[in-house]
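Visitor: Got a predicted structure plus its sequence, pasted below:
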Amino acid sequence: MNEEAHAAILLALGALALRLGLTDAHLAYIRPAMGPVLALAGAVLVALGGVVLLGPGRATARSGHAHDGHDHSGASRIAWLLVAPILAIAVVVPRPLGAFAANRAAATLLTPTRADFGPLPAPSVPGAPVDLSLRDFAGRAIYDHGRSLQGTPVRLVGFVTPDARGGGFLLTRFIVTCCAADARPLRVAIRGVAEPWPAPDTWLEVTGIWHPETRTAEDQRPPVLDAGQVRSIPAPANPYLR
Amino acid sequence: MSARGSTLIEEIEEIDEAAIEPGSGRSWPTLELLAAGGVAALLLRPVVVRAFDGPAAQTWATMFVSLTVQALPFLVLGVLVSGAIAAFVPAGSLARVLPRRSAVAVPVASLAGMLVPGCECSSVPVAGRLVAGGAPAPAALAFMLAAPALNPVVLVATAVAFPGRPEVVVARFLASFLTAVVVGLGWSRFGRRAWTERPITGARASAPEAAPPTMRRLAVFSATARHDFGQAGGFLVLGAATAATLQVAVPRSLLDGLGGSGIGAVITLGLLAVLLAVCSEADAFVAASLVQFSTTARLAFMVVGPAVDVKLIALQAGTFGRSFAARFAPATFLVALASAALVGGVLLR
C-alpha cells in the first residue's frame, strides 16, 4: 500500500473514532469512561494521517507516485483490513446487543459485587415506586434473599427477551465491563402480564413487586417480579449497565 | 520512499528495479481507488445495511466494532511508544541497559510489565519494537506476557470481581508471573533467533537528510507509528473478526451443560479464553460469572486470556511473523494452563 492511501485510511478511522468518542454513539460498544480516551486516540490517528496528506512532504510524495508501488513506505497489504472497521462503523452502524445475544449467553447468574444491601433508596416522589437498576434488584433478590424488597413496589428498565419456560417474558440488561464482547446478561422474570407479550428487544419500564420464593445457593433461575404496570419506552442512551 | 532525500542516480535505479520486477513497480492510484470505494460504499449503503440486518449478522457486527474500538486507544498508545523507541532510543542501548543473563533479565522484564497499565494490544507492538531495537527476545516476550496480566488495573478488577477472596488475586498474580518467566526462560533455552528476526521492516522517514536532527527524529517517530499501526491494526482487525465470529458461532449457553472441577474444566476454560478474546481488564468479571466451574478452572481463564487468544495470536503473527506465532502461541497456552493448575491446586482448594 502506498503511503498516501495508508494515511487516508488512518485519517478516516481516526475521524470516525473521534466522532464515536465525542458523541453517545460509543455507548453501544464500549464503557462510557472510554469515550474521551477513544476520541483522543482518534485525534492522534488524524494527526498521523493528516501530516502525510497535508504536510510539507505532500508534493514530493505525489511526484514520486509513479514508482511508489512497492513498499518503501506506508505499510504492508494487511493494513487494507483497516477498511473493514471503517465500513462497519460508518455504513453498517451496528446496534447495541439485544435479545439474540442474550439468548445465546450462558444462563448463569451474576456473582454479587457486595454483600451488604442497605434499605431501599427512597422513591423520587413519596408513594411512587422505587427506581432500581436491574442489577440492584437481582442482587437484592438473590443475595439478600429479598429482605429489603419485601412488598415494596419497584420500577425496572430493560429489554424483552423470550422466556423458554413460558408464563411470561424476561426483562434483560447487559452488564459490560470493557466492551460488548464481555457482556453478561442479567435477567428478571416478569409474571402477571396478559398475552400478547411485547416483542423481543422492546424496551420496557415495568412496575411491580418482588415475588418471594425460596432459593438454594446453586439456583440459576432468575428472580421474579409480579408486574403491575408495563410501559414501552425508547432505548436509553447507555444500553448497558456497569 | 524518501524522494526528496534520494539523488538522481537512486531515482534511476528505482525505476530500473521497477522495470525488472514485473508487478512490483505497478503504479496503483490507491488514493483514488479508496475515494471511489468510499463513494460506492455510500451508494450501496441500503444493500449493506439490509445484509447486516439479521440478528446474527447484527450481533457479529456489534462484537466486531466493539472489539476493534475497545482495542484502538491501547494500540495507538502502543505504536506511539514503539515510535518513540525507534526515534529516540539509540540502537543497541536497550541491550546494554538490560541485564545480560536471561535468568535475571526475564524476571526483571516481567516485573517491569507491572508498571505499564496497558492491555495486551499495546504490549505486542512495544515488544516487537524492543526486539527490533536490540533488546534480548526472551526479556521482551516476558514483558509482553506480563504487562497485560500483572498491571494494577487488572489486579484491582480481579479483586472487585471476586469480593472477599483475595487469594484469587494472589493466585492470578503468581500464575501469570510464572507463565511470563517460564515462557521467557524457555524461549532463551529453546528459541531460535530466526523466529523473531523478521520483525518490522523499518519504516522510512521522509525527512530530508539535511533537516535538523529533531525534525528527522520526529519524522522517524511518526513514520514508525504509522507503519506499526497499519501492521498491528490490520492483524487486530483479523483477530477481532475471528473473535466476533466465535462469539456468535459458539454460544456461551453451550457451557451450561459443562462445568465441573477436574483437569477437563481447566482445559475447557483455557480454550474458551482463547476463543472469546475478552480484554484483560474484563476477564475477571466473565470468569466470576462462570460459577459452574471450579475456581482453578476460572483462574486458568484469567491466566490464559491475557497471554494467548485469537486476537493476540493475530497481533503476534503481524508483529513477529507467522512462524513465531505458530510456536509461541501453543507453547504459551500450555505453560499458562500448567501454571494455573499448579498455583490453583496449591492456593485455591
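Guide: Here it is on my side, so go on. Quick caveat: nothing in here was measured; it's all calculated off a predicted structure.

Visitor: Skip the chain neighbours and tell me the closest residue to residue A:211.
Guide: Leaving aside its sequence neighbours, residue A:211 sits nearest to residue A:224 (Cβ to Cβ, 6 or more residues apart in numbering or on different chains; 3.8 Å). All C-beta atoms are positioned from the backbone trio N, CA, C, and that covers glycine.

Visitor: That neighbour against residue A:213, yeah?
Guide: Yes: between residue A:224 and residue A:213 there is a contact under Cβ atoms under 8 Å: 6.6 Å.

Visitor: who has more neighbours, these two?
Guide: Between residue A:224 and residue A:213, counting by other Cβ atoms under 10 Å in any protein chain shown, residue A:224 is the more crowded of the two (19 against 12).

Visitor: check contacts around the more buried one.
Guide: A:188, A:189, A:190, A:191, A:210, A:211, A:213 (Cβ atoms under 8 Å, 6 or more residues apart in numbering or on different chains).

Visitor: Check the closest residue to the fourth one other than its chain neighbours and give its pLDDT.
Guide: Pointing back at residue A:191 there. Closest residue in space to residue A:191, ignoring its immediate chain neighbours: residue A:168 at 4.4 Å, by Cβ to Cβ, 6+ apart. Residue A:168 carries a pLDDT value of 91.

Visitor: do you know how far residue B:153 is from residue B:109?
Guide: For residue B:153, the distance to residue B:109 equals 19 Å [Cβ to Cβ, to the nearest Å].

Visitor: more neighbours, these two?
Guide: The neighbour comparison of residue B:153 against residue B:109 (other Cβ under 10 Å) goes to residue B:109, with 29 against 13.

Visitor: pLDDT wise, what is residue 149 at?
Guide: In the absence of a named chain, chain A is used. The model's pLDDT for residue A:149 equals 86.

Visitor: meant chain B, my bad for not saying
Guide: Looking at residue B:149, its pLDDT stands at 89.

Visitor: what helix or strand is it on?
Guide: helix B:137-150 (DSSP states H and E).

Visitor: Please pull up the helix or strand immediately following that helix.
Guide: helix B:152-161.

Visitor: Need the phi and psi values for the residue nearest to residue A:191.
Guide: Dihedral angles of residue A:168 (phi, psi; degrees, to the nearest 10) stand at phi 170, psi -150.

Visitor: Surely it touches residue A:194?
Guide: No: using Cβ under 8 Å, residue A:168 is not in contact with residue A:194, being 10.1 Å away.

Visitor: higher neighbour count, the two?
Guide: Using other Cβ under 10 Å, the more surrounded residue of residue A:168 and residue A:194 is residue A:168, with 19 against 6.

Visitor: what are the ranges of the helices in chain A?
Guide: Assigned by DSSP state H, chain A shows helices spanning A:3-22, A:34-54, A:58-63, A:83-87, A:99-104, A:134-143.

Visitor: swap that for the stretch 151-300 of chain B, please
Guide: Along the stretch 151-300 of chain B, counting by DSSP state H, counting those that start in this stretch, helices occupy B:152-161, B:166-190, B:193-197, B:213-249, B:263-276, B:283-289, B:295-304.

Visitor: how far away is the nearest residue to residue B:246 once chain neighbours are set aside from residue B:172?
Guide: Leaving aside its sequence neighbours, residue B:246 sits nearest to residue B:275 (Cβ to Cβ, 6+ apart; 4.5 Å). As judged by Cβ to Cβ, residue B:275 and residue B:172 stand 20 Å apart.

Visitor: just to revisit the earlier point, from the contact counts, what lies against the helix holding residue B:149?
Guide: Counting contacts by 3 or more Cβ pairs under 8 Å, 6 or more residues apart in numbering or on different chains; DSSP states H and E, helix B:137-150 packs against helix B:102-113, helix B:120-132, helix B:166-190.

Visitor: While we're on the residue in chain B positioned nearest to chain A, how confident is the model there?
Guide: Among all residues of chain B, residue B:230 sits closest to chain A, at 2.9 Å; criterion: Cβ to the nearest Cβ. The per-residue pLDDT reported for residue B:230 equals 88.

Visitor: List the contacts of it.
Guide: For residue B:230, counting by Cβ under 8 Å, 6+ apart, the contacting residues are A:1, A:6, A:9, A:10, A:74, A:75, A:76, A:78, A:79, A:82.

Visitor: Distance to chain B, pLDDT and neighbour count for those - can I get that in a markdown table?
Guide: Converted to a markdown table, those look like this (distance: Cβ to the nearest Cβ, whole Å; pLDDT from 0 to 100; neighbours: other Cβ atoms under 10 Å in any protein chain shown):
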| residue | distance to chain B | pLDDT | neighbour count |
| --- | --- | --- | --- |
| A:1 | 6 | 72 | 24 |
| A:6 | 5 | 90 | 28 |
| A:9 | 7 | 93 | 28 |
| A:10 | 6 | 94 | 29 |
| A:74 | 7 | 50 | 26 |
| A:75 | 3 | 60 | 28 |
| A:76 | 6 | 72 | 15 |
| A:78 | 3 | 83 | 20 |
| A:79 | 3 | 87 | 26 |
| A:82 | 5 | 93 | 23 |
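
Visitor: Compile these into JSON lines and extend it with columns for distance to residue B:330.
Guide: Shown next, in JSON lines, are the contacts of residue B:230 (distance: Cβ to Cβ, whole Å):
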{"residue": "A:1", "distance to residue B:330": "31"}
{"residue": "A:6", "distance to residue B:330": "33"}
{"residue": "A:9", "distance to residue B:330": "33"}
{"residue": "A:10", "distance to residue B:330": "33"}
{"residue": "A:74", "distance to residue B:330": "33"}
{"residue": "A:75", "distance to residue B:330": "28"}
{"residue": "A:76", "distance to residue B:330": "25"}
{"residue": "A:78", "distance to residue B:330": "22"}
{"residue": "A:79", "distance to residue B:330": "27"}
{"residue": "A:82", "distance to residue B:330": "28"}
